[in-house]
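> Task: produce atomic coordinates for the following.
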Amino acid sequence: MTVSTHAAVIAVGDRSRHDDGVGWSVLARLRERAVVRPLPPGTVLSECDLDPGRLIRLWEDAGLAVVLEAAHARPSRPGRIYRLELGAAELWRPGVMSPRGLGEAVELARELGRLPGHLLAYAVDSADMSLGQGLSEPVAAAVERLAERVEEETTRHWVTAARSTVVGTA
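As a prediction, the model looks like this:
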């Protein structure tokens, strides 16, 4: 079986609501870092407003989709990063509330048979979702760590998929 080397990294949320723009900040950091250390071939960075149809189109045919979002955890720990995987018994961990739309997109994609090969969501616990630009201090501090994790995830996926393709063609 061949695994797609294509990886979709998708920022969701609303940049005009402070910490809800964390995904966009991570994408910006990944683009800056890619100048020196490019992401694996086939990695596409995209933004989405959480419209389920658009989100599904962005991850369609991806071996790996990484969704970046703000979270509202209880109890709140602003800046804390959660790694959530599709395939576990529950998509979302107890106490972490995903923004509107992602759960709908997953369910719709499941019904349509259009889920990516592997789906990860990285959610950063937010401090400020009010109208305005810029991230709160604890969320801004998480951007670099999250960019590193996304790089690791896409690289690991690409290496695994490339090996699978080579083994599958032998």
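> What mean pLDDT does the longest helix seen in the chain get?
Taking DSSP state H as the criterion, the chain has its longest helix at helix 137-169. This predicted structure assigns helix 137-169 an average pLDDT of 90.
> repeat for stretch 52-62
Across stretch 52-62, the average pLDDT comes to 93.
> got the angle between the biggest strand by length in the chain and helix 137-169?
When the chain is parsed with DSSP state E, its longest strand is strand 64-73. Put simply, strand 64-73 runs at 150 degrees to helix 137-169, going by axes from the mean of the first three to the mean of the last three CA atoms, to 10 degrees.
> which helices and strands sit right next to the longest helix of the chain?
For helix 137-169, the packing partners by 3 or more CB pairs under 8 Å, 6 or more residues apart in numbering; DSSP states H and E come out as strand 7-12, helix 22-34, strand 64-73, strand 81-85, strand 119-125. Where you see a C-beta, it was placed from the backbone N, CA and C, and this is true even at glycine.
> closest to E144 out of these?
For E144, the closest of the helices and strands packed on helix 137-169 is helix 22-34, at 6.5 Å, according to CB to CB.
> Mind listing what's buried along the closest one?
Neighbour counts over helix 22-34 (16 or more other CB atoms under 10 Å) mark V22, G23, W24, S25, V26, L27, R29, L30, R33 as buried.
> Mind listing residues that contact it?
With CB atoms under 8 Å, 6 or more residues apart in numbering as the contact definition, helix 22-34 has outside contacts at 9-13, 15, 39, 45, 47, 67-70, 122, 124, 126, 135, 139-140, 142-144, 146-147, 150-151.
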